[in-house]
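**Student:** the following block contains a protein sequence and its predicted model.
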Amino acid sequence: MTAPRPRRSALYMPAGNARAIEKAKTLPADAVILDLEDSMAPDAKVEARSLAAAAVRTGGFGPREVVVRINGRDTPWGDADLEAAAAAGPDAILLPKVSSPEDLAACAGAVRGRTRLWAMIETCQAIFRLDALGAASRAHGVDVWVIGGNDLVKEMRCTPGPDRAPLRPALALAVMAARAHGLAILDGVYNDIPNLEGLAAECAQGQSLGFDGKSLIHPSHLETANAAFAPAAEEVAWARTVVAAYAAPENARAGVIKVEGRMVERLHLGQAERLIAVADAIAERVT
């Protein structure tokens, strides 16, 4: 089994802010997203593109994944963003407002395998095409989906509230589609920067829905997200107990076994092995 890559936290940083980019190299984020889209004013986008490409080439981000979010290809900057990012060679390029398999195919064709792709799921059209987008993602080098909750709220004209009730069906379906096609998926950002209690509640909700981590807009959110999306110590201990039980010679051919009074199936063994791999990868990152 390939070791899962921790993606508990993916921090957006404005690509035009050189100081912010340097700071990102010291922060406990699993991924850094150099943003050319929402955080950059129209008259700053071209310069930000050059700064992002230079930052990728310079490196120094350590174990953090480096991702460049480009502007949409329907904007004046999108095609040039895509080419510049692909040439610089980040770990991935994040594609905004992906709504159809054709969107992914066109971007993959332009990138020509020079880097991997991530895709934003943030339109109503995308929600109704999740299965097709999942299949296209596997075909075109997309590893990760990222929920764009703010854009989805805007399109739906809904009022999500603290519990995100209007969004929950879309969030759950997106997680299901990602899992069906072997993709990682990150929850959307939390907008109320100083409200760490609200952030923790939303992280807990996202974790319960099955997200791998959360995209973030402020460094102060990193600790909360990293804690929420890391396996709990007691979960890891139980997972190791399950793996050890199945490793015993008398259970080598068993399907269902009893472990500390609980019935366990081989599907639980697979879950336990993955959880341990995630926990070990996180531990290796922080040591």
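**Tutor:** Thanks, I have it. Residues are numbered from 1 along each chain as shown.
**Student:** flag every buried residue along stretch 87-94.
**Tutor:** Residues 88, 90, 91, 92, 93, 94 are the ones in stretch 87-94 that count as buried (16 or more other Cβ atoms under 10 Å). Every residue, glycine included, has its C-beta placed from N, CA and C.
**Student:** repeat for stretch 166-181
**Tutor:** Of the residues in stretch 166-181, those scored as buried under the neighbour-count criterion (16+ other Cβ under 10 Å) are 167, 170, 171, 174, 175, 176, 177, 178, 181.
**Student:** residues making contact with that stretch?
**Tutor:** For stretch 166-181, contacts defined as Cβ atoms under 8 Å, 6 or more residues apart in numbering pick out 121, 127, 130-131, 133-135, 137-138, 145, 147, 149, 152-153, 156, 158-160, 164, 184-185, 187, 206, 209-211.
**Student:** distance check, residue 42 against residue 120.
**Tutor:** Going from residue 42 to residue 120 by Cβ to Cβ, to the nearest Å gives 19 Å.
**Student:** neighbour count: the two, which is higher?
**Tutor:** Neighbours were counted for residue 42 and for residue 120 using other Cβ atoms under 10 Å; residue 120 has more, 24 against 10.
**Student:** list the beta-bridge partners for the most centrally placed residue in the chain.
**Tutor:** Most central in the chain under Cα atoms, centre = their mean is residue 186, positioned 3.5 Å from the mean C-alpha point. As for beta bridges, residue 186 partners with residue 146, residue 213 under DSSP bridges.
**Student:** residues contacting it?
**Tutor:** Listed by Cβ under 8 Å, 6+ apart, the contact partners of residue 186 are 7, 10, 144, 145, 146, 147, 211, 212, 213, 214, 215.
**Student:** which one of the residues you listed sits closest to residue 22?
**Tutor:** Each of the contacts of residue 186 was checked against residue 22 using Cβ to Cβ; the closest is residue 10, at 18.3 Å.
**Student:** hey, where'd the helices end up in the stretch 51-200 of the chain?
**Tutor:** Using DSSP state H, counting those that start in this stretch, the helices of the stretch 51-200 of the chain run over residues 78-88, 101-111, 124-127, 130-139, 149-156, 168-180, 196-209.
**Student:** between helix 101-111 and the first one, find me the angle.
**Tutor:** Relative orientation of helix 78-88 versus helix 101-111 (axes from the mean of the first three to the mean of the last three Cα atoms, to 10 degrees): 50 degrees.
**Student:** next one: the residue of the chain positioned farthest from its centre, what pLDDT does it get?
**Tutor:** Among the C-alpha atoms of the chain, the one most distant from their mean position (Cα atoms, centre = their mean) is that of residue 250, at 40.0 Å. Model confidence at residue 250, given as pLDDT, is 94.
**Student:** and it, how close does it get to residue 202?
**Tutor:** Using Cβ to Cβ, which is the criterion applied here, residue 250 is 45 Å from residue 202.
**Student:** give me phi/psi at residue 113?
**Tutor:** Listed backbone geometry of residue 113 is phi 70, psi 10, with angles given as degrees, to the nearest 10.
**Student:** wait, it touches residue 140, no?
**Tutor:** No - with contacts defined as Cβ atoms under 8 Å, residue 113 does not count as touching residue 140, sitting 9.9 Å away.
**Student:** of the two, who's got more company?
**Tutor:** Higher neighbour count among residue 113 and residue 140: residue 140, with 20 against 10, using other Cβ under 10 Å.
**Student:** pLDDT value on the nearest residue to that one once chain neighbours are set aside, please?
**Tutor:** The shortest distance from residue 140 to any residue that is not its chain neighbour, by Cβ to Cβ, 6 or more residues apart in numbering, is 3.7 Å, and that residue is residue 108. On the pLDDT scale, residue 108 is placed at 97.
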